[in-house]
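S.K.: Dropping the sequence and predicted coords here.
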Amino acid sequence: MRDDSNLKFEIIDLIGKEEYELTGFKSLSQYELLLVKCLPALSFTGTKHRLEYLKNAIPNGFQKKMLMHDGEIVGTIEYAPPVFSFYPIHGENIVVMNCVWVLSKAKGHGFGEKLVKSMITGCSGIDGFATIALEKHWTPWFRRWQIEKLGFKPIDSMNVRHKVKRTSMLFTVYLMWLPTNEDSKLPKWDKSKMTEGLKFCRGHPLYNADSWKTKQILEEQTV
């Protein structure tokens, strides 16, 4: 068993430190790149749509944090109020977690749990946190067991097929929920909007590329 009693790490809140506006790709500073980049891919995350999203989301409660370990960024978490989240998830007094990510080389230290705890601590008075998870998808990200390990539980699901990639493969998208009190009302989601996928992050398993020229990349299946 790994001894993490002397583990040194730092969680940095990116929002609230900026002294600029996101004005476009060519003007991005190093700090802005941290907001725009996808941690695991270390590449721009669908820059045009990402910038449009951030311009609206940052003034309205969007938060992004980075976890530093041994002088390197190895983890990140993003979250926002429902109206300004990635996902078509709705609820009263909740926060939606867009993503949480820890690089594989930093696994085994509970960094994912630490990032989620930081999110919860920074959102006092919130009734719960919602996000999505995937099962039987061909990518290794957002897996249900990973999100459950962070304390979330599935409360609804939909079986889908991708209309562009691996079209014969059936996988499941889950609505995940982490309440903070017993009286929390369950969140809801718009499954029809969910089938449209996402434009805001090229690294997301449900990314809908402009080049595919289809509004809906997922087709719900009855099993």
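M.R.: Happy to help now that I have it.

S.K.: quick check, distance from stretch 71-82 to the centre of its chain.
M.R.: Remark: stretch 71-82 is offset 8 Å from the chain centroid, using C-alpha atoms, centre = their mean, to the nearest Å.

S.K.: If I look at the residue nearest to Phe62 when sequence neighbours are not counted, what pLDDT would I see?
M.R.: Sequence neighbours aside, Ala80 is the residue nearest to Phe62 in space, at 4.3 Å (criterion: C-beta to C-beta, 6 or more residues apart in numbering). Every residue, glycine included, has its C-beta placed from N, CA and C. The per-residue pLDDT reported for Ala80 equals 97.

S.K.: Beta-bridge partners for the residue most central in space within the chain, please?
M.R.: The centroid of the chain falls nearest to Cys99 when counting by C-alpha atoms, centre = their mean (1.6 Å). Residues in a beta bridge with Cys99, per DSSP bridges, are Glu78.

S.K.: wait, what's in contact with the residue nearest to Phe62?
M.R.: 57, 60-63, 95-96, 98 (C-beta atoms under 8 Å, 6 or more residues apart in numbering).

S.K.: Rebuild those residues as TSV, extending it with secondary structure and pLDDT.
M.R.: TSV is the format used below for those (DSSP: H, G, I helix; E, B strand; the rest coil; pLDDT from 0 to 100):
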residue	secondary structure	pLDDT
Ala57	helix	92
Asn60	helix	94
Gly61	coil	94
Phe62	coil	95
Gln63	strand	95
Val95	strand	98
Val96	strand	98
Asn98	strand	96
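
S.K.: And Val83, how far from Phe152?
M.R.: 21 Å (C-beta to C-beta, to the nearest Å).

S.K.: out of these two, which sits in the more crowded spot?
M.R.: Phe152 (24 against 12; other C-beta atoms under 10 Å).

S.K.: Just the pLDDT for the nearest residue to the more buried one once chain neighbours are set aside.
M.R.: Spatial nearest neighbour of Phe152, excluding adjacent residues (C-beta to C-beta, 6+ apart): Met176 at 3.9 Å. Per-residue pLDDT puts Met176 at 98.

S.K.: Quick check: can you name the pairing partners of the helix or strand harbouring Met176 and their directions?
M.R.: Per DSSP states H and E, Met176 falls inside strand 170-179. Using DSSP bridges, the strands paired with strand 170-179 are strand 128-135 (antiparallel), strand 153-162 (antiparallel).

S.K.: right, and those - which one's nearest Cys201?
M.R.: Ranking the strands paired with strand 170-179 by proximity to Cys201 (C-beta to C-beta) places strand 128-135 first, at 12.6 Å.

S.K.: so for that closest one, what's the average pLDDT?
M.R.: Per-residue scores along strand 128-135 average to 98.

S.K.: Same question for the helix or strand following it: list its buried residues.
M.R.: Scanning forward in sequence from strand 128-135 by DSSP H and E, the next helix or strand is helix 144-149. Residues of helix 144-149 classed as buried under the neighbour-count rule (16 or more other C-beta atoms under 10 Å) are 144, 146-147.
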